[in-house]
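Asks: generate a structure from the sequence data that follows.
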Amino acid sequence: MPIVSDRIDMSHGTRRSGGSIYLHVLASSLLITILGLGALASVRVQTRSIRLTRDGAEARAHAVSAIELGMLQIKQNANWRLLVPNGAWFSNRELGGGRLTLEGTDPVDGVLTDSVYDPVVLTGTGTRGNASHTAQVTLVPNVKPLAALSTCLCASGLVKTNGGKRVAAVGACISTNGQLDNDGVIDGSAEAQSIDHTGTITGTLTVPGTSRPMPSATVFTDYTSKATAVPYAATIENVVLGPGCNPLGPTDPNGLYVITTNNNDLTLRNCRIYGTLIIRATGRTVTVDEAVLMQNYRSNFPVLLVEGDLTLKFNSAVGSLSEPARDTNFNPTGAPYGGVTDSDKTDQYPDEIRGLVHVKGNLRLQQTARIVGVVICEGTVTCEDTNTIVYDAGLYANPPWDYTYVDVMKVSPGTWKQVVQ
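Replies: Alright, predicted model coming up:
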C-alpha cells in the first residue's frame, strides 16, 4: 500500500503570491506616476490659461487706455486736429508689461484739419505677451450756438448811443465785449466790459458782463463759396432777390447771393430780399436806405452779411415797402411773401429786416430801423436815432450754419466695440 505524506509543498504558491504583489505595486506606481504627470500637465495648462487670461485682460485694458489717452489729448488741446495726423497718433508705447498703439481717423473725408464738425474714430490696440486686443470708438462734436445769438445786439467794440437818441432791446440784452457809452436811452438791459456814460437804461446794467466770442473768421468765405454772384452796381433798387427770382442774373435755389463791390460803396434801397445777401465791401460802406424787407429763405442761414461798414437808415416807424410807390411787384413768382405770389403792384410790406445780421466792420443805426432777430457787429455800433431790435430766440435754439462752436468731442452712443482683425 502506498504511503501518503501529510506535507504540503508551498513553494510554488509563495512564488505566485510574491509576483502578484510586485505587479500590483508596479501598476500602482505607474498609475501614481501617470496621475502625477497628469496633474503636472493640468497645472501647466491651468497656469498657461491663467497667464493667457491675464495677458488678454491686460491687452484689453491697454487698448482702452490708448483710446482714453487720445480722448485726454482732445480734451486738453482745442487745436488737437492740427497736432495729430489722420492715422497713427502713437505706436508701441510701453505701459507696464504691455504696449499701446492708437490711431485717429476722420471717417467723413480722411482729413482731420478741414472741419471741426467732423467726427473722429479712435482705434486703440493693446498687447501683452501673445495676447492682442483692438477697441474702437467714435467721437462726435458737441455743437453749441454762439453766445452772441442770445442777445439782441452783440459787438466787439464800443457801443454808443448819442445824446437824445434811443435804442430798444426787446427780449434780450445789448452786449459788448468792449465799452458802453450811453448818452441817450437804452430801453432794455445792457452788458459791457466797461462803461463811460450810463445814461438811462430801463433794464439791468451788468459791468463787467459776459464776454461773447465772435463768429469764425471763415464765415464770409464759407457762405460766399456756396453763393451765386450778383453784378455790382453803386445803387441797387426796386429789385427782388429770392430762390427763384433774380432779375440781375441767374437764380440760386437757396436764395444765397453775393455782391463784391471792388473797393466801392454800395447803396441798397427799396428792395426785397427773400434769402441771404452777402456783400463783400472791405474798407467801404454799405447803406440800406429808404425802405426794405429782408428775410431769410433758409432758416439755417443768416439774412444779411456785410464785410465792411453798414449804415441802416430806413425808416420803419413811418414807412413801408410799397409796390405802387415803387411801381414794382415785390412778390413775383420765385419770391413768395407769406406763401403767396402775384403779378400786381398793389401790395404793402413791412419796412424791416428779419433774421441774423452780421457786420464785419462798424454799424450805424440811423432813422428808425427795425430789426427782428439778432445783430452781430465785429466793430463799433452807434445809435443815431430811435431804433428797435426785437430778439428772435429761434436763432439761438436753431443757430444758422457756421454760427456755432464745438464745446467738446463726446462718445457717440453705441460705438464702443471690439475690432476683430
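Asks: how confident was the prediction at the residue at minimal distance from the centre of the chain?
Replies: Central residue of the chain (CA atoms, centre = their mean): Val143, 3.5 Å from the mean position. Per-residue pLDDT puts Val143 at 95.
Asks: same thing with Gln421?
Replies: Predicted confidence (pLDDT) for Gln421: 71.
Asks: report all helices and strands that the helix or strand hosting the residue nearest to the centre of the chain contacts.
Replies: Using DSSP states H and E, Val143 sits in strand 131-145. Contacts defined by 3 or more CB pairs under 8 Å, 6 or more residues apart in numbering; DSSP states H and E place strand 131-145 against helix 11-76, strand 120-128, helix 394-397, strand 404-411, strand 417-418. (C-beta placed from N, C-alpha, C; glycine too.)
Asks: hmm, 6 Å instead?
Replies: Under the contact definition 3 or more CB pairs under 6 Å, 6 or more residues apart in numbering; DSSP states H and E, strand 131-145 sits against helix 11-76, strand 120-128, strand 404-411.
Asks: got the contact list for the last one?
Replies: Applying CB atoms under 6 Å, 6 or more residues apart in numbering, the external contacts of strand 404-411 come out as 74, 116, 137, 139, 141-145.
Asks: just put these in a markdown table and tack on distance to Ala190.
Replies: What follows is these, written out as a markdown table (distance: CB to CB, whole Å):
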| residue | distance to Ala190 |
| --- | --- |
| Ile74 | 37 |
| Val116 | 32 |
| Val137 | 45 |
| Leu139 | 39 |
| Pro141 | 33 |
| Asn142 | 30 |
| Val143 | 29 |
| Lys144 | 24 |
| Pro145 | 21 |
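Asks: what's the most distant pair in those residues?
Replies: Using CB to CB, those reach their maximum pairwise distance at Val137 and Pro145, which is 26.4 Å.
Asks: looking at these two, which one has more neighbours?
Replies: Val137 (20 against 16; other CB atoms under 10 Å).
Asks: contacting residues for the more buried one?
Replies: Per CB under 6 Å, 6+ apart, neighbours of Val137: 67, 122, 411, 415-416.
Asks: among these, which one lies nearest to Ser320?
Replies: Val411 (53.2 Å).
Asks: okay, Thr47: pLDDT?
Replies: The predicted local confidence for Thr47 is 56.
Asks: same check, this time on Ala227
Replies: Note for Ala227: predicted pLDDT of 98.
Asks: ok so, going back, now the residue lying closest to the residue nearest to the centre of the chain once chain neighbours are set aside, which residues is it bridged with?
Replies: Nearest non-adjacent residue to Val143, counting by CB to CB, 6 or more residues apart in numbering: Thr404, 5.0 Å away. Counting by DSSP bridges, Thr404 forms beta bridges with Pro145.
Asks: burial measure for Thr404, as a count.
Replies: 18.
Asks: separation between it and Tyr396?
Replies: Distance, Thr404 to Tyr396, by CB to CB, to the nearest Å: 10 Å.
Asks: before we move on, which element is Arg354 in?
Replies: Per DSSP H and E: strand 352-359 holds Arg354.
Asks: ok, Asn92 next?
Replies: strand 87-95.
Asks: can you list the strands that that strand pairs with?
Replies: Paired with strand 87-95 in the same sheet, following DSSP bridges, are strand 98-105 (antiparallel).
Asks: can I get the longest strand that the chain contains as CSV, trimmed to CA atoms?
Replies: Longest strand in the chain by number of residues, with DSSP state E as the criterion: strand 276-295. What follows is strand 276-295, C-alpha atoms only, in CSV (Å, rounded to 0.1, in the frame of the first residue of the first chain):
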residue,chain,number,x,y,z
THR,A,276,-29.4,135.6,-47.8
LEU,A,277,-27.4,138.5,-49.2
ILE,A,278,-23.6,138.7,-48.7
ILE,A,279,-21.9,142.0,-49.5
ARG,A,280,-18.1,141.9,-49.8
ALA,A,281,-17.1,145.6,-49.3
THR,A,282,-14.0,145.5,-47.1
GLY,A,283,-13.0,149.1,-46.1
ARG,A,284,-16.1,150.5,-47.7
THR,A,285,-19.7,151.4,-46.7
VAL,A,286,-22.9,149.6,-47.5
THR,A,287,-26.1,151.8,-46.9
VAL,A,288,-29.5,150.3,-46.7
ASP,A,289,-31.8,153.2,-47.4
GLU,A,290,-35.5,154.3,-47.7
ALA,A,291,-37.5,151.0,-47.5
VAL,A,292,-36.5,147.3,-47.5
LEU,A,293,-37.9,144.0,-46.4
MET,A,294,-35.2,141.4,-45.8
GLN,A,295,-36.0,137.9,-44.6
